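In: with the input below, show me the fold.
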Amino acid sequence: MTALHLRDITLSLPGTGEVLSTLDLAMRVGGITWLVGESGAGKSTLCNLLAGLSPVDAKVRGVLDLSEIVAVPDGRGVSEKRDIAEAAVPGCGRINLGTGSGRRAMATMRRTGLIAWAPQNAMDTFPPTMRLTDWFARAGIEGLDLAAYGLENSILRRRPHQVSGGQISRISLAAAVAKSPRLLVCDEPTAGLDPEQADAVVGVLNEQASTGSRAVLAVTHDLSGLQRNARPDDRVAVIFNGHIVEDCSAEDFFAELAVNAYAQALAAAAPASGAHPLPLADGARPTPWTYRGGDELRRLGEGAVGAGGRTQPGGRTQPGGRTLPGPGPAGAGTGRNRIVDGGVPE
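Out: Okay, the predicted model is just below:
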């Protein structure tokens, strides 16, 4: 499977510490990778990193590996892929994100449209005093048709503050898509939209991915919309406290077949799944990830439901005998547990 790979990504900020930590992720070309997780887990930070917009004082380590989709030094490979190699590392396609040249390569790819970014705050895309038509003309984007986004083209005569949040989000996505990027990064593209509008936007993303020549990374909190619209072979990457703790097909994610206990709990919280917390079990905790102090994932195995809904130390019982994580000890454990119905580890 051809993919763009993020390998061993760590990003630290002064006074904050590590926001992303030894993160690995493959973004499949020809498909959508949905990035899900709670607020503060690092989703927007990752999107900004891929857009070449990390803070100047951020310390970054790791590699964006494009080697599967760029021409190799002896001339083999598809010619139209060479533009990525030239913008990154000629003939190699591996960008060291911790170097000045790596940051410049990412910024170059964004400016030239090889990587496109639709930000969480779509107002950031457009100057506040410029009419949208003037912005698109200056960007060299002509013949834009907003019908696929549920909007009239006449809305472009307005300035950004004269349209709603949902409308400006869709216009920002249209701007990102217009240059036919190889990697399309969308930070919550359906936020603030009603279900019908959200489904239409996901349809646009599916169309972009199905061209077969680009990868789409899309952040979402809308598990209901994801469950309605994700194709079975779309990927769901679960991020928690700067780690990718699960990367599985959308079909497996919603069937609660993910290996990681936190990912299973997240899928179980989807409304169509009953919006119930997953019962927890004693025993080994997820591995091979090394968790930092305070990670709740280290505590997922601390509480267990006993007979009659009695709870082991460290857990708190919910109605029906279900248990949520308690404070638990701070030390990390070893081993792996896959929680199945009834709270029994496999």
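In: domain map for the chain?
Out: Following automatic domain parsing, one gets these domains for the chain: 3-262, 277-346.
In: now the longest one: average pLDDT?
Out: Within the predicted structure, the mean pLDDT of domain 3-262 is 87.
In: and the shortest one, by the same measure?
Out: With pLDDT averaged residue by residue, domain 277-346 scores 40.
In: thinking again about what came up before, just the domains of the chain: most buried one?
Out: domain 3-262 (a mean of 18; mean count of other CB atoms under 10 Å). Using the backbone N, CA and C atoms, a C-beta is placed for each residue, glycine as well.
In: just to revisit the earlier point, need the domains of the chain in TSV with distance to P271, can you?
Out: TSV is the format used below for those (distance: least, CB to CB, whole Å):
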stretch	distance to P271
domain 3-262	5
domain 277-346	13
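In: my guess is A178 meets E142, correct?
Out: No - using CB atoms under 8 Å, A178 and E142 do not qualify as a contacting pair, with a distance of 9.0 Å.
In: quick one: contacts for A26?
Out: When contacts are counted by CB atoms under 8 Å, 6 or more residues apart in numbering, A26 is found next to M1, A3, L4, H5, L6, T33, R235, D247.
In: pull the most distant pair out of the residues you listed.
Out: M1 and L6 (15.2 Å; CB to CB).
In: any idea how far V216 is from the closest residue to L183 other than its chain neighbours?
Out: In space, L183 comes closest to I115 once its chain neighbours are excluded; the distance is 4.7 Å by CB to CB, 6 or more residues apart in numbering. In this structure, I115 lies at 11 Å from V216, with CB to CB, to the nearest Å as the measure.
In: please enumerate the shared neighbours of the two.
Out: Listed contacts common to I115 and V216 are L183; contacts here mean CB under 8 Å, 6+ apart.
In: ranges for the strands of this protein?
Out: With DSSP state E as the criterion, the chain has strands at 3-13, 17-28, 32-36, 59-65, 94-96, 115-118, 183-187, 215-219, 235-240, 243-249, 315-317, 323-325, 339-340, 344-345.
In: list the contacts of the third one.
Out: Here strand 32-36 makes contact (CB under 8 Å, 6+ apart) with 25-27, 43, 46, 205-206, 209, 215-221, 223, 226, 230-231, 234-239, 250, 266.
In: quick one: the lengthiest helix in the chain to chain centroid distance?
Out: The residue-count maximum for a helix in the chain (DSSP state H) belongs to helix 195-210. Relative to the mean C-alpha coordinate of its chain, helix 195-210 is positioned 16 Å out (CA atoms, centre = their mean, to the nearest Å).
In: what's that helix packed up against?
Out: When contacts are defined as 3 or more CB pairs under 8 Å, 6 or more residues apart in numbering; DSSP states H and E, helix 195-210 sits against strand 32-36, helix 165-177, strand 183-187, strand 215-219, helix 223-229.
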